[in-house]
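J.: fold the following for me, if possible:
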Amino acid sequence: MNSAAPHGAFHTHVEGLLPRPVDRVDDGAIDAMRIGRTVLGMVAAVWLVMAYPLSDGRQEFVLGKVVELGIACAVLLLGSVIGIAAFLAASTRDRRRELAGRLTGPVVSVLALALGPTVIWGTAKTLKGELVEGADLMDFFSGIVGRGVLCSLLSFLVLAIGWLLALILLLAAIPYTLVVAYICVVSCFRASDVHQLLPALLSPLLVWSLFAFQLFDGPDVAAPPLVLYTFLLGGPLSVTALSVWEVRRLRARHGITLRTALGR
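T.: Model (predicted):
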């Protein structure tokens with residue numbers, strides 16, 4: 001479903017918590033349009049799921065949403081890297097140096113997102129006993145206290161504590177990864193830290209990529225084709241229209257154009 005997109009209320013809230021570039025402008029109309037589109041999209045998504053039966057079970061529906069989130073992250077990560085690189089390459093030398101100094105936010109977003117899967121992988125390996133085995137601990141402690149009951153007890157305690165900590169970290173890493181992935185998507189990996197125009201340019205790439213995925217993956221609900229495809233097209237069309245309107249408004253009201261953004 002295209003109910004969530006980078007132009008949204010949560011996007012605005014997240015950006016308000018982050019350091020802002022000095023040349024960034026506030027525009028209440030843009031924020032209001034983002035919020036309105038997101039609310040309408042959420043209402044439409046809830047209505048569609050409530051009005052028509054799911055094509056598959058609830059578990060498959062939830063897993064499908066997780067897969068869509070992963071695809072959204074991959075598309076935006078690739079798009080952000082290419083977009084920011086092209087933005088820097090097309091800028092003048094002085095402007096490029098200034099914009100490059102704003103890459104901290106996007107880099108931190110990528111590292112924060114990578115942390116979750118890394119912890120999940122490490123804790124899963126630990127729970128399976130593939131990282132540290134009891135025999136390795138026995139050999140370690142035997143060199144300190146010698147073979148015997150104390151060595152076995154220490155090995156068991158370390159394994160038990162390590163297993164419990166790994167389980168706690170795994171349970172925490174799963175929601176952490178989902179939340180951070182969503183934040184990265186709605187903030188376009190903080191591409192606006194580099195320049196305010198970038199999220200508006202990247203958002204259509206995301207929604208049309210998800211639209212293509214949903215066409216191949218099949219519908220989530222057993223709705224009539226007219227209703228289904230109207231809904232599926234509503235997300236990318238509205239986000240694209242909003243991006244075009246935002247770019248035009250930034251140019252007309254604030255003098256922000258791609259040319260001036262590049263320092264040309």
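J.: is it fair to say residue 147 lies in a helix?
T.: No - using DSSP: H, G, I helix; E, B strand; the rest coil, the assignment for residue 147 is coil, not a helix.
J.: how many residues are close by it?
T.: Neighbourhood size, residue 147 [other Cβ atoms under 10 Å]: 12. For the C-beta atoms, the positions are set from N, CA and C on the backbone; glycine is no exception.
J.: now it: closest residue in space that isn't a chain neighbour?
T.: Take residue 147 and drop its neighbours on the chain: the residue closest to it by Cβ to Cβ, 6 or more residues apart in numbering is residue 138, 7.9 Å away.
J.: does the one you found touch residue 150 like I think?
T.: No - with contacts counted by Cβ atoms under 8 Å, residue 138 stays clear of residue 150, the gap being 11.3 Å.
J.: these two: who's more crowded?
T.: A count of neighbours by other Cβ under 10 Å puts residue 138 above the other of residue 138 and residue 150, at 16 against 13.
J.: ok, back up a step: what sits against the residue nearest to residue 147?
T.: 147, 151, 152, 155 (Cβ atoms under 8 Å, 6 or more residues apart in numbering).
J.: including secondary structure, could those residues go into a markdown table?
T.: Formatted as a markdown table, the contacts of residue 138 follow (three-state DSSP):
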| residue | secondary structure |
| --- | --- |
| 147 | coil |
| 151 | helix |
| 152 | helix |
| 155 | helix |
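J.: okay, now the unreliable bits of the stretch 51-200 of the chain?
T.: For the stretch 51-200 of the chain, applying pLDDT under 70 flags the ranges 132-137, 139, 141, 143, 145-146.
J.: if we use 50, what do you get?
T.: Applying pLDDT under 50 to the stretch 51-200 of the chain flags no residue at all.
J.: helix, strand or coil for the residue nearest to residue 147?
T.: helix.
J.: next one: it from residue 210, what distance?
T.: 51 Å (Cβ to Cβ, to the nearest Å).
J.: check residue 28 too.
T.: 28 Å.
J.: and the helices in the chain?
T.: In the chain, the helices defined using DSSP state H lie at 9-17, 28-51, 58-90, 93-100, 104-127, 134-145, 149-186, 197-217, 225-254, 258-261.
J.: and the fourth one, what's buried?
T.: By neighbour count with 16 or more other Cβ atoms under 10 Å, helix 93-100 contains the buried residues 95, 96, 98, 99.
J.: got these as JSON lines, with distance to residue 34 columns?
T.: Shown next, in JSON lines, are the buried residues of helix 93-100 (distance: Cβ to Cβ, whole Å):
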{"residue": "95", "distance to residue 34": "27"}
{"residue": "96", "distance to residue 34": "29"}
{"residue": "98", "distance to residue 34": "26"}
{"residue": "99", "distance to residue 34": "24"}
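J.: which pair in the residues you listed spans the largest distance?
T.: Greatest spatial distance among those (Cβ to Cβ): 96 and 98, at 7.3 Å.
J.: hey, what's in contact with both of these two?
T.: With Cβ under 8 Å, 6+ apart, residue 96 and residue 98 have common neighbours residue 263.
J.: tell me the most buried of the helices of the chain?
T.: Most buried of the helices of the chain, by mean neighbour count (mean count of other Cβ atoms under 10 Å): helix 197-217, with a mean of 19.
J.: residue with max distance from the center of the chain?
T.: residue 148 (50.7 Å; Cα atoms, centre = their mean).
J.: now residue 80: closest residue in space, sequence neighbours ignored.
T.: That would be residue 189: by Cβ to Cβ, 6+ apart, it lies 4.5 Å from residue 80.
J.: what's the burial count for that neighbour?
T.: Neighbours around residue 189, by other Cβ under 10 Å: 30.
J.: surely it is in contact with residue 77?
T.: Yes - with contact defined as Cβ under 8 Å, residue 189 reaches residue 77; the gap is 6.3 Å.
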